[in-house]
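> One predicted model, sequence on top.
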Amino acid sequence: KQLSSIDIFLNDAEKKVKRWNATTIFPNLRVLRQAILNLMGKANHLTLLEGESISFKKEISNEMVRKNVQLTGRLQLYQVRLAYMFGDLDLAAQILQETHG
């Protein structure tokens, strides 16, 4: 129940961000919202940061090209957390390995 209220809050925040054209905040909201959707069981694969709000593979690729270290790190962090929380330790280790070379 608490996660669903956070989802409602983030949906409202996303609408405001779009209305106010605060585009620098928008990607961070989407990453957090997708992680929450996963935790609520509203994703096809709970261990993957993929679904209604974002696609991890697409977002990480775009942000690495842009050299956006802050958002790249946030994507990796949430992906590792989800993988760990849902028991996919191999995926968590793979992301960490990619992160640290």
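Received the coordinates, thanks.

> what's in contact with stretch 92-101?
Under the criterion C-beta atoms under 8 Å, 6 or more residues apart in numbering, residues 73, 76, 79-80, 83-84 lie in contact with stretch 92-101. Where C-beta positions appear, they are placed from N, C-alpha and C, glycine not excepted.

> try it again with 7 Å
76, 79-80, 83-84 (C-beta atoms under 7 Å, 6 or more residues apart in numbering).

> next one: stretch 37-57
3-4, 7, 30-31, 33-35, 75, 78-79, 82-83, 86, 88, 91.

> residues touching Val65, list them.
Taking C-beta under 7 Å, 6+ apart, one finds nothing in contact with Val65.

> And the pLDDT at it?
Val65 is assigned 96 on the pLDDT scale.

> Count the neighbours of Glu14 for me.
Counted by other C-beta atoms under 10 Å, the residues lying close to Glu14 total 16.

> State the helix or strand in which it lies.
Using DSSP states H and E, Glu14 falls within helix 2-20.

> Can you name the next helix or strand after that helix?
helix 26-39.

> Identify each buried residue in that following helix, please.
27, 29-39 (16 or more other C-beta atoms under 10 Å).

> ok, and for the helix or strand hosting Ile95, which residues are buried?
Assigned by DSSP H and E, Ile95 belongs to helix 89-100. Residues 91-92, 95 are the ones in helix 89-100 that count as buried (16+ other C-beta under 10 Å).

> pLDDT averaged over that helix - what is it?
93.

> Could you number the chain from 25 rather than 1 from now on?
With 25 as the first residue, the last one maps to helix 113-124.
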